[in-house]
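A.B. asks: next one to model:
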Amino acid sequence: MLLDTASLYYRAYFGVPDSVRAPDGTPVNAVRGLLDFIGRLVQDHRPDELVACMDADWRPHWRVELIPSYKAHRVAVETAEGLPDEEETPDTLAPQVPVIEDVLDALGIARVGVAGYEADDVIGTLTGLATGPVDIVTGDRDLYQLVDDARGVRVLYPLKGVGSLQLTDEAWLREKYGVDGSGYADLALLRGDPSDGLPGVPGIGEKTAAKLLDAFGDLAGIMAAVDDPAAGLTPSQRRRLDEARGYVAVAPKVVRVAGDVPLPEFDSALPVAPRDPAALEVLAKRWGLGGALQRLLSALRD
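C.D. replies: Predicted coordinates:
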């Protein structure tokens, strides 16, 4: 089981009231909400391995070089070259992220982030290396591109907390979008995604993109059809795709998750007891983690 950690703690932050606070009054709603999320996932799905995948760089420079608008609207502060830009984050969420990291480390839940890469890229690489089924838990539809029934890769998309999860497999994707997992990245690339600053191809919406992929197989097939007068494209589709060649040439590297992230060594086994009980006790007292932590520990022991 691979967790898109930031996606989940954002959901926890907005789903749990900020009246949930530490003894000193500091909000810990994201911390406690995430612990409850993980506890419920462990209880319901019993993974053999669990990895909390992290955004070491939420807006990698190599993606921005290709498409400068990539996540540009979410930049709070531009930093020196070589360092990640600061992302707009709610004032009471940002201080909770180091606490989340410390608690995961004390529990012994593997936490993996790699400089220059997003959590999505870590998830993509780990999914490619997996020798058995993989459940990806994320509120980010970008990761639908990894769904692969043949390899047992599916996305568990939270609808309300993590007690209600949309199980995303290829049948669900075909019914919803008309594509399978491998086609989802091409669909997203053509359609665009304002939340990530991806412009898409003007005039090519989701339904048109799905029809084009159905007719021509993949992005390469669609662009080959642009150069084939006999291909069944309308004049406006041909013109729009032709005018978007520059974007189409670079967008795949931006939209598709990396599969070659240089991962550090780590132990992905689901812990049955905390790695550092003393540190965890200090954190629990300092931040008032209470029942949320106890419920997770109980799920890990069972």
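A.B. asks: what sits against D180?
C.D. replies: By C-beta atoms under 8 Å, 6 or more residues apart in numbering, D180 lies in contact with V147, E170, L173, R174. Yep, even glycine has a C-beta here, placed from its N, CA and C like the rest.
A.B. asks: what about 7 Å?
C.D. replies: E170, L173, R174 (C-beta atoms under 7 Å, 6 or more residues apart in numbering).
A.B. asks: of those, which belong to strands?
C.D. replies: Among the contacts of D180, none falls in strands (DSSP state E).
A.B. asks: CSV for the residues you listed, including neighbour count, distance to Y13 and pLDDT?
C.D. replies: Putting the contacts of D180 into CSV (neighbours: other C-beta atoms under 10 Å; distance: C-beta to C-beta, whole Å; pLDDT from 0 to 100) gives the following:
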residue, neighbour count, distance to Y13, pLDDT
E170, 20, 32, 97
L173, 22, 28, 97
R174, 14, 33, 96
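A.B. asks: between the residues you listed, which is nearest P23?
C.D. replies: For the contacts of D180, the minimum distance to P23 (C-beta to C-beta) is 45.8 Å, reached by L173.
A.B. asks: what segments of the stretch 151-300 of the chain are helices?
C.D. replies: 170-177, 181-191, 206-216, 219-226, 235-243, 245-255, 277-287, 290-301 (DSSP state H, counting those that start in this stretch).
A.B. asks: just those: most buried one?
C.D. replies: helix 181-191 (a mean of 22; mean count of other C-beta atoms under 10 Å).
A.B. asks: for that helix, what is the distance to the chain centroid?
C.D. replies: 15 Å (C-alpha atoms, centre = their mean, to the nearest Å).
A.B. asks: redo the contacts of D180 as TSV? Include distance to A188.
C.D. replies: Formatted as TSV, these follow (distance: C-beta to C-beta, whole Å):
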residue	distance to A188
E170	16
L173	12
R174	15
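A.B. asks: nearest to E243 among these?
C.D. replies: L173 (28.8 Å).
A.B. asks: do you know how far that closest one is from V248?
C.D. replies: L173 sits 22 Å away from V248, going by C-beta to C-beta, to the nearest Å.
A.B. asks: stretch 67-82: which residues count as buried?
C.D. replies: Neighbour counts over stretch 67-82 (16 or more other C-beta atoms under 10 Å) mark I67, Y70, K71, R74, V75 as buried.
A.B. asks: quick one: A106 is in a helix?
C.D. replies: Yes: assessed with DSSP: H, G, I helix; E, B strand; the rest coil, A106 lies in a helix.
A.B. asks: could I get the contacting residues of it?
C.D. replies: Shown in contact with A106 (C-beta under 7 Å, 6+ apart): P274, R275, D276, A279, L280, L283.
A.B. asks: one more time with 6 Å, if that's ok
C.D. replies: P274, D276, A279, L280, L283 (C-beta atoms under 6 Å, 6 or more residues apart in numbering).
A.B. asks: and it, what pLDDT?
C.D. replies: pLDDT for A106: 98.
A.B. asks: same deal with the one 4 residues further on?
C.D. replies: Predicted confidence (pLDDT) at A110: the value is 98.
A.B. asks: I'd say it and V51 touch.
C.D. replies: Yes: contact status for A110 versus V51: in contact at 4.7 Å, counting by C-beta atoms under 6 Å.
A.B. asks: shared neighbours of these two, anything?
C.D. replies: S268.
A.B. asks: hang on, the earlier thing: now the buried residues of stretch 67-82 in JSON lines, please, with extra columns for pLDDT.
C.D. replies: Output for these, formatted as JSON lines (pLDDT from 0 to 100):
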{"residue": "I67", "pLDDT": "95"}
{"residue": "Y70", "pLDDT": "94"}
{"residue": "K71", "pLDDT": "93"}
{"residue": "R74", "pLDDT": "85"}
{"residue": "V75", "pLDDT": "87"}
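A.B. asks: please, where are all the strands along this structure?
C.D. replies: Counting by DSSP E, the strands of the chain are 2-4, 51-53, 75-77, 86-87, 110-112, 134-137, 153-160, 164-168.
A.B. asks: which of those strands sits closest to L263?
C.D. replies: Per C-beta to C-beta, nearest to L263 of the strands of the chain: strand 110-112, 6.6 Å.
A.B. asks: which residues touch the closest one?
C.D. replies: Strand 110-112 is contacted by residues V51, A52, C53, L104, V122, F266, S268 when judged by C-beta under 6 Å, 6+ apart.
A.B. asks: how about TSV for those residues, with distance to D242 and neighbour count added?
C.D. replies: Shown next, in TSV, are the contacts of strand 110-112 (distance: C-beta to C-beta, whole Å; neighbours: other C-beta atoms under 10 Å):
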residue	distance to D242	neighbour count
V51	43	22
A52	44	27
C53	38	30
L104	49	21
V122	36	26
F266	46	10
S268	46	16
